[in-house]
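> Give me coordinates for this.
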Amino acid sequence: MKKIVLLLTLLTSSVFGEISWMKYKDAIAQAKAEKKIVMVMLSREGCQTCEYMKDIVFENEKVMAAFEKNFLGVYIDIHDDYIPNDLSYMGTPTFHFLNGFERKLDRIDGGVNSLEFIEKLKEVQTK
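The predicted structure follows:
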């Protein structure tokens, strides 16, 4: 019985896993082909709010269900990686939402809770 519970737990947790981060150019190409939206997360090492987003918000099953359906993720460290297309930031995290033609659809400056993030995902899809 314990093995069955463990197996079910592992299967459930893998259904709503973490974001599969992609390279920027690959995400744009895939977004264009699949009519998805690219979310670029500008982050940095040591950013506590970035860790909150990754460890709490992006681990939420409802967030991941909403994200995986229509979005692709790109993670960029502002100190170590090239920041494309003049994607600006005032602090980290900063989230930019782009279509497959690299047109900016929306932005989030800072961290938000799971409910606010889901609402933003819904809002971005209407643009």
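
> Every contact and neighbour count from this point should use C-alpha atoms.
Noted.

> For stretch 104-121, measure first residue to last.
Stretch 104-121 has its terminal residues 14 Å apart, counting by CA to CA, to the nearest Å.

> Same check on stretch 48-63?
The straight-line separation of the ends of stretch 48-63 (CA to CA) is 20 Å.

> Same check on stretch 80-99?
The first residue of stretch 80-99 is 24 Å away from its last residue (CA to CA).

> check contacts around the nearest residue to Arg44 once chain neighbours are set aside.
Excluding its sequence neighbours, the residue lying closest to Arg44 (CA to CA, 6 or more residues apart in numbering) is Asp77, at 4.9 Å. By CA atoms under 8 Å, 6 or more residues apart in numbering, the residues touching Asp77 are 42-45.

> Inside strands: which ones of the residues you listed?
The strands, defined by DSSP state E, take in 42-43 from the contacts of Asp77.

> List buried members of the contacts of Asp77 by neighbour count.
Buried residues within these, counting neighbours by 16 or more other CA atoms under 10 Å: 42-44.

> Name the residue closest to the centre of the chain, please.
Nearest residue to the geometric centre of the chain (CA atoms, centre = their mean): Gly73, 4.5 Å.
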